[in-house]
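[1] need the 3D shape of this:
(2 chains)
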Amino acid sequence: MSASEENPLLDEFTRKEYEFGFTTDIAADKLEPGLNEGVIRLISSKKNEPEWMLQWRLEAFRIWQTMEEPDWAHVNYEKPDYQAISYYSAPKSKVPLGSLDEVDPEMRATMDKLGISMEEQKRLSGVAVDFVMDSVSVATSFKDKLADLGIIFCSMSEAIQEHPELVRKHIGSVVPVKDNFFSALNSAVFTDGSFCYIPKGSKCPMELSTYFRINEAGTGQFERTLLIAEEGSYVSYLEGCTAPQRDENQLHAAVVELIAKDDAEIKYSTVQNWYPGDAEGKGGVFNFVTKRGICEARAKISWTQVETGSAVTWKYPSCILKGDGSIGEFYSVAVTNNAQQADTGTKMIHLGANTHSTIISKGISAGNSQNSYRGLVQIGPRARHARNFSQCDSLLMTDTSGAHTFPYIETKNPTAHVEHEATTSRIGEDQIFYCLQRGLTEEQAIGLIVNGYAKEVLNKLPMEFAVEARKLLTISLEGSVG
Amino acid sequence: MLKIDNLHARIGDTEILKGLSLELGAGEVHAIMGPNGSGKSTLASILAGREDYEVTQGSISFDGVDLLELDATERAVAGIFLAFQYPVEIPGVSNINFLRTALNSIREQRAEEPLSGKDFLAKVKACAQLVELDGKLRDRSVNEGFSGGEKKRNEVFQMAMLEPKLAVLDETDSGLDIDALRIVAHGVNSMRGADRSFLVITHYQRLLDHIVPDFVHVLAGGRIVHSGGKELALELEEKGYDWIVDAEAAEQA
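    Coordinates of the predicted model:
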């Protein structure tokens, strides 16, 4: 008996339309598909970039041309035709906007539909939002308040214009251009992203938030984010994504670099809900992201992610624990449904002495999806008394889905202490029946059980984000028990 | 209020209930006793709407409604509560959050307003006292790390919160020491009333010293083979089940 015969709800929800599948009709300034040096020069000149930036991009392009797309991840997909992608698209209204009222009404409607209207954000949560829609930031708020503290929070394009010395010094310092195929591509063609600089001793008083959105059909998104926390500073950064429905695969290859100087702390939280494609995975987003942070002495970086979207995910937010006594954390919930494939995890590279890392990964597999955890814990020869604790749990919702764990541990120091725990469980029919008997609907039951399972990770998210993430988990898995 | 007529049910190819008939009036407490494997827990599961069992024949009507047409959630909304023999653990979900979700889900389906936070907490306090449930247990994950006795007390606590019309207690006494048994029985007894019926399923007579039934039925071989008053339980304790089962077999022959 097939899963769908057993459970008509499963059928209903696997055919359910993607909740955020809508497109915004705004005239876009868009390049013809294709990638060559001319395209890179054009991107750079459209953005009025300095010469060093152009040269950096061109060097990255040359490196990328010598590289092969990686295929070691536990995912199957048809490799994109990189010459069929348009590498630049920007909304036409280019004049800097003074207030929300000046934002294109269509774009405002999109923001409202996403539930992230800026007024509401401002009023309810005190979040400064740098809203990125199709590569170019259209509105940035709270900038003045942050500026008083010396905090810079702006689009990457703006940072290249206004703070070229900071960008030039740090870009590519954590994720080198040649790190991998996708980081090289991103370095060559990135169009925008966020830049954040927290000066020495500053505690950023609000959660900084960016919403990325893929909007133009067939446009690759190459976001570039750079976050620098100077000595003794603190910042919490939120990133959330939804994307409109598509018929062709959309490539997303972002690069995020975090730099935490001595005694600094960075919390980086992501809720990712890109279009996963239809029930067969057709049309979903490819999410090939390189995220990495470097910790100097006693610094701390926490990655928290809730991944529910994309057709294919390839993503390993990592920490290089360079300074003595530095701390890296990775908390992840990855949900896959239908034909989704996710290969995600982290790398904790312990270089300094007394460095600590914690990895909590919760995978949830439904439908016919494949969900893999891949993690590396590496203890270098100087990393005396380094400690790692890893816990990787997998929850299977159906017997047609897969959960895989690929932990790699490399220790070159005998004083290291590395622990790894892993569990795999099947969502219990007994648990669901217990909930139903108490009057919960099946959707409520699954939402409750799954949120309970992922609680350790959800609790790491800032409050407003956690609420959104809980809803998302429930929506992603409605009726998916088979 | 509950009328079961000639119920036949099976799991896979194994027929477990073979023509069970039983009638419960409002406010009555009925005990079902019987040897292991006679179908007691099957009856409880079927009343609660567990889908593993297939009803092949017979009917169940509850307050005039065909119960077999309702799914498990609808039955809970209609006022049926099952105290599980083996209460399930739900890690990461606090007992309180679970109950609030349940209570408000039921209210919503009955087109009632959700209970305010204040009223809910007042109710929690009163119901927890009933079974001497520790505050810590209310806040911990549903049944996770609870002792056997705590789990059963938690079941009765939930019952008190949800105020069912028909409560089915499936071997609620199993795994209880005498103190816990007394607490659980006290909780149940204080909920007895003209609008609430109980079906108490048990293997042992000792629970019925504390929860005194109006009627006692013997379930054997998938049917009710003998019914009587509360004194029947004592007789069964003394003589075992064989004499009834044998007598029934002789009668059938």
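[2] quick one: the strands in the stretch 101-250 of chain B, in order.
    For the stretch 101-250 of chain B, applying DSSP state E, counting those that start in this stretch gives strands covering B:141-142, B:166-170, B:197-201, B:215-220, B:223-228.
[3] got TSV for those, with mean pLDDT, mean neighbour count and distance to chain A too?
    Where C-beta positions appear, they are placed from N, C-alpha and C, glycine not excepted. Below are those laid out as TSV (pLDDT from 0 to 100; neighbours: other C-beta atoms under 10 Å in any protein chain shown; distance: least, C-beta to the nearest C-beta, whole Å):
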stretch	mean pLDDT	mean neighbour count	distance to chain A
strand B:141-142	94	23	7
strand B:166-170	97	25	10
strand B:197-201	97	24	14
strand B:215-220	95	22	21
strand B:223-228	93	18	24
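[4] contact partners of the helix or strand residue A:405 falls within?
    Taking DSSP states H and E as the definition, residue A:405 sits inside strand A:402-411. With contact meaning C-beta atoms under 8 Å, 6 or more residues apart in numbering or on different chains, strand A:402-411 is reached by A:74, A:345, A:363, A:365, A:369-379, A:390, A:392, A:394-396, A:418, A:420, A:422, A:424.
[5] and the residues you listed, which are buried?
    When those are checked for burial by 16 or more other C-beta atoms under 10 Å in any protein chain shown, the buried set is A:74, A:345, A:363, A:365, A:369-379, A:390, A:392, A:394-396, A:418.
[6] what bridges to the nearest residue to residue B:57 once chain neighbours are set aside?
    Nearest residue to residue B:57, sequence neighbours excluded (C-beta to C-beta, 6 or more residues apart in numbering or on different chains): residue B:8, at 3.8 Å. With DSSP bridges applied, residue B:8 shows beta-bridge pairing to residue B:18, residue B:57.
[7] I'd say residue B:8 and residue B:60 touch.
    No. Judged on C-beta atoms under 8 Å, residue B:8 makes no contact with residue B:60 at a distance of 11.7 Å.
[8] so if I had to pick from these two, which one is more boxed in?
    residue B:60 (21 against 17; other C-beta atoms under 10 Å in any protein chain shown).
[9] residue contacts, the more buried one?
    Neighbouring residues of residue B:60 by C-beta under 8 Å, 6+ apart: B:2, B:3, B:4, B:5, B:7, B:46, B:47, B:66, B:67, B:68.
[10] hmm, residue A:382 is touching residue A:355, no?
    No. The pair residue A:382 / residue A:355 is not scored as a contact, 9.8 Å apart, by C-beta under 8 Å.
[11] look at these two and report which has more neighbours.
    Using other C-beta under 10 Å as the criterion, residue A:382 and residue A:355 rank with residue A:355 on top: 32 against 14.
[12] and for the nearest residue to that one once chain neighbours are set aside, the neighbour number?
    Distance criterion C-beta to C-beta, 6+ apart; nearest residue to residue A:355, sequence neighbours excluded, is residue A:321 at 3.9 Å. Residues contacting residue A:321 under the criterion other C-beta under 10 Å number 32.
[13] give me phi/psi at residue A:321?
    Main-chain dihedrals, residue A:321, degrees, to the nearest 10: phi -90, psi 80.
[14] and for residue A:227?
    Taking degrees, to the nearest 10 as the convention, residue A:227 sits at phi -130, psi 120.
[15] residues near the nearest residue to it once chain neighbours are set aside, how many?
    Excluding its sequence neighbours, the residue lying closest to residue A:227 (C-beta to C-beta, 6+ apart) is residue A:196, at 4.5 Å. By the measure other C-beta under 10 Å, the count of residues near residue A:196 is 23.
[16] mind checking how far residue A:196 is from residue A:154?
    8 Å (C-beta to C-beta, to the nearest Å).
[17] contacting residues around the residue nearest to residue B:57?
    Shown in contact with residue B:8 (C-beta under 8 Å, 6+ apart): B:15, B:17, B:18, B:19, B:20, B:55, B:56, B:57, B:58, B:222.
[18] and it, what pLDDT?
    Looking at residue B:8, its pLDDT reads 97.
[19] just send the strands of the stretch 101-250 of chain B back as a markdown table, with distance to residue B:149 too.
    Below are those laid out as a markdown table (distance: least, C-beta to C-beta, whole Å):
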| stretch | distance to residue B:149 |
| --- | --- |
| strand B:141-142 | 16 |
| strand B:166-170 | 15 |
| strand B:197-201 | 18 |
| strand B:215-220 | 25 |
| strand B:223-228 | 30 |
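[20] would you list the phi and psi of residue 88?
    All of this refers to chain A. The phi/psi pair for residue A:88 (degrees, to the nearest 10) is phi -150, psi 130.
[21] neighbours around residue B:172, how many?
    Counted with other C-beta under 10 Å, residue B:172 comes out at 28.
[22] for the stretch 101-250 of chain B, what lies in contact range of chain A?
    B:101, B:102, B:103, B:105, B:106, B:109, B:141, B:158, B:162 (C-beta under 8 Å from any C-beta of the partner chain).
[23] if we go to 7 Å?
    Applying C-beta under 7 Å from any C-beta of the partner chain, we find that the stretch 101-250 of chain B lies next to chain A at B:101, B:102, B:105, B:106, B:141, B:158, B:162.
[24] among these, which are in helices?
    Within those, residues falling in helices by DSSP state H are B:101, B:102, B:105, B:106, B:158, B:162.
[25] can you count the residues close to the residue lying closest to the last one once chain neighbours are set aside?
    Counting by C-beta to C-beta, 6+ apart, residue B:81 is the residue found nearest to residue B:162 once chain neighbours are left out, at 5.7 Å. The criterion is other C-beta under 10 Å. On that basis, residue B:81 has 26 neighbouring residues.
[26] Three-state assignment for residue B:81, please.
    strand (DSSP: H, G, I helix; E, B strand; the rest coil).
[27] what's the spacing between the residue nearest to residue B:57 and residue B:22?
    14 Å.
[28] list the buried ones in stretch B:110-124?
    B:120, B:123, B:124.
[29] residues from chain A in reach of chain B?
    A:428, A:430-431, A:433-434, A:436-441, A:444, A:448-449, A:452-453, A:455.
[30] write a ChimeraX command that selects only the buried members of those.
    Applied in ChimeraX, the following selects the buried portion of these according to 16+ other C-beta under 10 Å:
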select /A:431,433,434,436,437,438,439,440,441,444,448,449,452,453,455
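[31] measure the residue in the stretch 201-350 of chain A that chain B sits nearest to to residue A:417 for me?
    Across the stretch 201-350 of chain A, the shortest distance to chain B (C-beta to the nearest C-beta) belongs to residue A:333, at 11.7 Å. Between residue A:333 and residue A:417 the computed distance is 26 Å (C-beta to C-beta).
[32] what of residue B:154?
    Noted for residue B:154: a distance of 38 Å to residue A:417, by C-beta to C-beta.
[33] before we move on, what about residue B:49?
    Distance, residue B:49 to residue A:417, using C-beta to C-beta: 50 Å.
[34] look at these two and report which has more neighbours.
    Shown here are residue B:49 and residue A:417; by other C-beta under 10 Å, residue B:49 has more neighbours (21 against 12).
[35] I'd say the more buried one and residue B:73 touch.
    No. Look at residue B:49 against residue B:73 with C-beta atoms under 7 Å: they stay out of range, at 8.0 Å.
[36] now do the same contact list for residue A:82.
    By C-beta atoms under 7 Å, 6 or more residues apart in numbering or on different chains, the contact set of residue A:82 is residue A:35.
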